[in-house]
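Trainee: Just to be clear, the model below is a prediction. Sequence and coordinates:
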Amino acid sequence: MIEFTRGEPLNTPSGIRPAAVSGSFYPADRETLTRTVDTLLSQIPPPADARRPKALIVPHAGYIYSGAVAACAYARLRAHSGSVARVVLLGPAHRLLVRGLALPAARHFATPLGVVDVDPQAAAASLGLPQVVTSDAVHAREHSLEVQLPFLQRVLGAFRILPFAVGDATAAEVAEVIELLWDDPRTVFVISTDLSHYLPYAVARATDRRTVESILALDDRAISGSEACGSTPLGGLLRVARARGLRPELLDLRNSGDTAGDREQVVGYAALIVPDYGHD
């Protein structure tokens, strides 16, 4: 295990974490990216439920595979851009393993659509928890959080982020971080996770349906890393939702065999929200 600790030197002299997966997971050209995201969002009909989501559960594959699924959740934020000032992002660390939850030392994240600021006050408060550390290295090539930013930039406009790459942590440790930040009325949470990986199409559909049923039942203990790569941040959210009497709602469930891949080995994607019952 590679462990990073609080106070790791900043690796980006400008304080900006540059886009790492533009051109692969999503378009690198600003106009093409804008058109791609807007088209995906435009295909989602206006929701009958006008409540603002407090949390979104979205996939993080390339847009050609999972973008249409993610758009189902992000479309629910479009009418609430004026009421969201901060987005807490939690997704799995794929490239480097870290003990706990890693924040970047970088002060900004860049995409082809512009620069998003990291919330310094919220970061400082989170670093008061022992499971939260600082590591630019963990964030340098991580895609699970970056791919969420263009969607957020198009639906929210101005906002700050608090990006956590979740490594070797427990759902309880993630839940403690979420609870610390939950009560701010202008904060929304985004949990980044794909579902099953590289199963045959029919097997994946059955497996992912069981996983979604566990999410809807708030049963985080029934979801393993083989069923959701972001099982730990997902488990943290489900624990908080259970404690607060909130229920996720399923918006979409598909896999790469439904979108842009073959059906021999597929990856599963789901979009869910946790409505914010205190805000319309």
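Mentor: Received the coordinates, thanks.

Trainee: Quick check: longest helix in this protein by residues?
Mentor: helix 201-216 (DSSP state H).

Trainee: for Gly245, helix, strand, or coil?
Mentor: coil (DSSP: H, G, I helix; E, B strand; the rest coil).

Trainee: Backbone dihedrals for it, both of them.
Mentor: When read as degrees, to the nearest 10, the backbone of Gly245 gives phi 70, psi 30.

Trainee: Isn't Arg205 up against Asn255?
Mentor: Yes: at 6.9 Å, Arg205 counts as touching Asn255 under the criterion of C-beta atoms under 8 Å. Yep, even glycine has a C-beta here, placed from its N, CA and C like the rest.

Trainee: And those two? Which one has more around it.
Mentor: Counted by other C-beta atoms under 10 Å, Arg205 and Asn255 do not tie: Asn255 has more neighbours, with 28 against 20.

Trainee: which residues does the more buried one bridge with?
Mentor: When bridges are assigned using DSSP bridges, the partners listed for Asn255 are Gly268.

Trainee: Surely it and Ala204 touch.
Mentor: Yes: proximity of Asn255 to Ala204 meets the contact threshold set by C-beta under 8 Å, at 5.2 Å.

Trainee: Find residues that contact each of the two.
Mentor: Counting by C-beta atoms under 8 Å, 6 or more residues apart in numbering, the residues touching both Asn255 and Ala204 are Leu195, Ser196, Val266, Val267, Gly268.

Trainee: Grab the two from those that are most spread out in space.
Mentor: Across these, the longest distance by C-beta to C-beta is 9.7 Å; it joins Leu195 and Val266.

Trainee: Helices along the stretch 101-250 of the chain, start to end?
Mentor: Taking DSSP state H, counting those that start in this stretch, the helices of the stretch 101-250 of the chain run over residues 120-126, 136-140, 143-146, 149-156, 171-182, 201-216, 231-243.

Trainee: buried ones in the first one?
Mentor: When burial is assessed from 16 or more other C-beta atoms under 10 Å, helix 120-126 yields the following buried residues: Ala122, Ala123, Ser126.

Trainee: what is the rounded mean pLDDT of the longest helix of the chain?
Mentor: For helix 201-216, the mean per-residue pLDDT is 98.

Trainee: which secondary structure elements does it contact?
Mentor: Judged by 3 or more C-beta pairs under 8 Å, 6 or more residues apart in numbering; DSSP states H and E, the packing partners of helix 201-216 are strand 249-255, strand 266-275.

Trainee: Out of these, the one nearest Phe109 is which?
Mentor: Ranking the helices and strands packed on helix 201-216 by proximity to Phe109 (C-beta to C-beta) places strand 266-275 first, at 22.2 Å.

Trainee: could you say what helices and strands the closest one packs with?
Mentor: Counting by 3+ C-beta pairs under 8 Å, 6+ apart, the packing neighbours recorded for strand 266-275 are strand 53-58, helix 63-74, strand 197-199, helix 201-216, strand 249-255, helix 256-259.
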